[in-house]
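Trainee: Sharing a model prediction with you, sequence too.
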Amino acid sequence: MKLGTRRGMFYLSTLMFIVFGAYLVLIAQGYVLDFKTFHVVKTGAIFLDFEPTKDASLLVNGVTKKIGTTFINQGTLVKNLAPGSYHVLLSKPGYASWEKTLDVSSGLVTPRTAIRLFPKDPSSTLIAKSVSSFWLSDKEPAFQNTSGTLIYGKTEFPSLSLVSIRGTSALARSQTSSFSLDLNDASSSLNVIKLFDTLKKRFTPPVTAQAVHMELHPFSSNKVLISTPSALYLLDTKRPSLDRLFLSSSSPIVDFKTTGSDVVINLKTRFVVLNLVFQTLTSYTIPSETARDILPSSDGNTILFLNPNGFLFRYNRDTNLLRAFGEKPSEFLFSPEEKRIAERIGNTIVITYLDPWNNDLRKKPYEKTLLVLPQGTYHSLAWLDSEHLLLLKDRDLFVLEIDDAKPITMSVLARNITSFRVKDSNTLFVLTDNHELWKMDL
């Protein structure tokens, strides 16, 4: 081989070594060659935290990736990804798959830290047959059978259906009246309307108005709050006694809701908040609106309501500010932490962020996440946990992830369901269309 040829090969090898070495250094520092643009770009990554992880598999753009969750470090980091879109697929035998198209940016990590894989056939336990409706207490469900008997454990109350329940204290109704109950005692049934009508005659002048709405006292099992069109009363079923807590001299009482130690009374154009501990009354005028269907937050500072045209509003007691959402939802409810509102408008779920949201999806106050679902008849919206909603589509129960990256993650949990209630983030009770009550473990 000639000297010139050997020199050329040496210089070429040296150049290739330098180039390849430089490329390895760039890769080590998080840079790759983007073959679409032929530019060297800083890589990004995808971080996934999900459960359950055992026997799960992960594909990114069809390439199998190792799941890195250990007892010490939670989550899987897929790194050295050129900027762009990536199809991510998580799967596990017996579970519904999770898939998303996630965007990766230069030098940044795209996180998804609240992924749940849900079983296709959840473990279920039959609780009772011949059930027409049910409610959850602290310990076990109470239900009404198809013969009209209210049943809690071994206790039975003929011809009664529950209205509300707190612990084992409950309000129930028959075809003609309302009753307070201790669900552990079949002899505890007390006709609340009859007692109220007797005690109200002792006022001067006697009260003639009829009871319109009632709720259990939030922290006294033997007391019931009762409203008439013009007043709110406290009925003590143990003493027995009747006290008038609030009297409206102008606007009629539309409804009231208890929250914590407060009672929020809706007078159409203003709210009156009664503190049951300190017996204080505070009035708040609603700017330029009238309210129906109120929903106060747990601390009572935020009150959601619909106006007569069905539009949703948020009223803040601290600032006296009213905010219109611009939608007419069929259902609306606070999230568990009460920093978001979920609305159902037809087949669209709207999540509105009330405060800055800095989790996987970063949102400013009053930004929205829209989840457009397949066509169908939807109802019974409920929160399962902070990142998942439950709802019925026709008679199928679905779980929906709050993430608008495509495709929308929505999987069926059970079919032929007429109603359900959430015990906790891992436990549901469902009533089937053949009147069977089941406990479902997720």
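Mentor: Nice, I can see it.
Trainee: how about the residue nearest the centre of the chain, what does it touch?
Mentor: With distances taken as Cα atoms, centre = their mean, W383 lies nearest the centre of the chain, 2.2 Å away. Applying Cβ atoms under 8 Å, 6 or more residues apart in numbering to W383 gives the contacts 333, 335-336, 342, 389-390, 422. Every residue, glycine included, has its C-beta placed from N, CA and C.
Trainee: what about the residue lying closest to L321 once chain neighbours are set aside, distance to L322?
Mentor: In this structure, L321 finds its nearest non-sequential neighbour in Y315, 7.5 Å apart by Cβ to Cβ, 6 or more residues apart in numbering. Using Cβ to Cβ, to the nearest Å, Y315 is found at 5 Å from L322.
Trainee: Please enumerate the helices of the stretch 51-200 of the chain.
Mentor: Counting by DSSP state H, counting those that start in this stretch, the stretch 51-200 of the chain has helices at residues 192-199.
Trainee: secondary structure element for F219?
Mentor: Here F219, judged by DSSP states H and E, is contained in no helix and no strand.
Trainee: wait, doesn't it sit right on S261?
Mentor: Yes. Assessed by Cβ atoms under 8 Å, F219 is found in contact with S261 at 7.3 Å.
Trainee: Can you tell me the number of residues neighbouring the nearest residue to L190 once chain neighbours are set aside?
Mentor: Closest residue to L190 apart from its sequence neighbours, by Cβ to Cβ, 6+ apart: S180 at 4.9 Å. Residues within reach of S180, counting by other Cβ atoms under 10 Å, total 22.
Trainee: give me the beta-bridge partners of S180?
Mentor: Judged by DSSP bridges, the bridge partners of S180 are L171, L190.
Trainee: residues contacting it?
Mentor: By Cβ under 8 Å, 6+ apart, the contact set of S180 is 169-172, 188-190, 192, 222, 224, 237.
Trainee: again, but for E99
Mentor: 87-90, 407, 409.
Trainee: any idea of the pLDDT on A291?
Mentor: Model confidence at A291, given as pLDDT, is 94.
Trainee: for T14, same thing?
Mentor: pLDDT, read off for T14, is 57.
Trainee: which SS state does N309 fall under?
Mentor: Following DSSP: H, G, I helix; E, B strand; the rest coil, the label given to N309 is coil.
Trainee: What values do phi and psi take at it?
Mentor: Backbone geometry at N309, expressed as degrees, to the nearest 10, gives phi -90, psi 0.
Trainee: Hmm, it is touching K328, no?
Mentor: Yes. Between N309 and K328 there is a contact under Cβ under 8 Å: 7.4 Å.
Trainee: Show me which of those two is the more surrounded one.
Mentor: Ranked by neighbour count (other Cβ under 10 Å), N309 and K328 place K328 first, with 14 against 7.
Trainee: quick one: that one and F311, what's the gap?
Mentor: With distances taken as Cβ to Cβ, K328 is found 6 Å from F311.
Trainee: again, but for S147
Mentor: Distance from S147 to F311, counting by Cβ to Cβ: 43 Å.
Trainee: Could I get the contacting residues of L397?
Mentor: Counting by Cβ under 8 Å, 6+ apart, the residues that L397 touches are 390-391, 412-415, 417, 420, 430.
Trainee: correction: A211
Mentor: 178, 192-193, 196, 226-228.
Trainee: and which of these is nearest N347?
Mentor: S227 (36.0 Å; Cβ to Cβ).
Trainee: Tell me, how many residues neighbour that closest one?
Mentor: 25.
Trainee: from memory N426 sits against L442, does it?
Mentor: Yes. With contact defined as Cβ under 8 Å, N426 counts as touching L442 (5.0 Å).
Trainee: Mind checking which of these two has more residues around it?
Mentor: Taking neighbours as other Cβ under 10 Å, N426 and L442 compare with L442 leading, 17 against 13.
Trainee: My guess is the more buried one contacts L428. True?
Mentor: Yes. The pair L442 / L428 is scored as a contact, 7.0 Å apart, by Cβ under 8 Å.
Trainee: what do those two both touch?
Mentor: L413.
Trainee: Before we move on, what's the pLDDT of G167?
Mentor: On the pLDDT scale, G167 gets 89.
Trainee: just the buried members of the contacts of E99?
Mentor: Buried by 16 or more other Cβ atoms under 10 Å: 88, 90, 409, out of those.
Trainee: Any chance of JSON lines for these, columns pLDDT and distance to G300?
Mentor: As requested, those are exported to JSON lines (pLDDT from 0 to 100; distance: Cβ to Cβ, whole Å):
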{"residue": "V88", "pLDDT": "97", "distance to G300": "42"}
{"residue": "L90", "pLDDT": "97", "distance to G300": "41"}
{"residue": "T409", "pLDDT": "95", "distance to G300": "34"}
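Trainee: now, which of those lie within strands?
Mentor: Secondary structure defined by DSSP state E assigns 88, 90 of the buried ones among the contacts of E99 to strands.
Trainee: Let me know the closest of the contacts of E99 to S132.
Mentor: Of all those, S132 sits closest to T409, with 33.3 Å by Cβ to Cβ.
Trainee: quick one: contacts for that closest one?
Mentor: Residues near T409 by Cβ under 8 Å, 6+ apart: 98-100, 400-401, 403.
Trainee: can you tell me which of the residues you listed are in strands?
Mentor: Short answer: these in strands (DSSP E) are 98-100, 400-401.
Trainee: Which of those residues are buried? Put it as a ChimeraX command.
Mentor: In ChimeraX, a selection of the buried entries from the ones in strands among the contacts of T409 looks like this (16+ other Cβ under 10 Å):
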select :98,100,400,401
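Trainee: Leaving out chain neighbours, which residue sits closest to T352?
Mentor: Closest residue in space to T352, ignoring its immediate chain neighbours: I341 at 4.7 Å, by Cβ to Cβ, 6+ apart.
Trainee: Look up which residues are beta-bridged to the nearest residue to P111 once chain neighbours are set aside.
Mentor: Once flanking residues are discounted, P111 sits nearest to F47: 4.6 Å by Cβ to Cβ, 6+ apart. For F47, the beta-bridge partners are L77, P111 (DSSP bridges).
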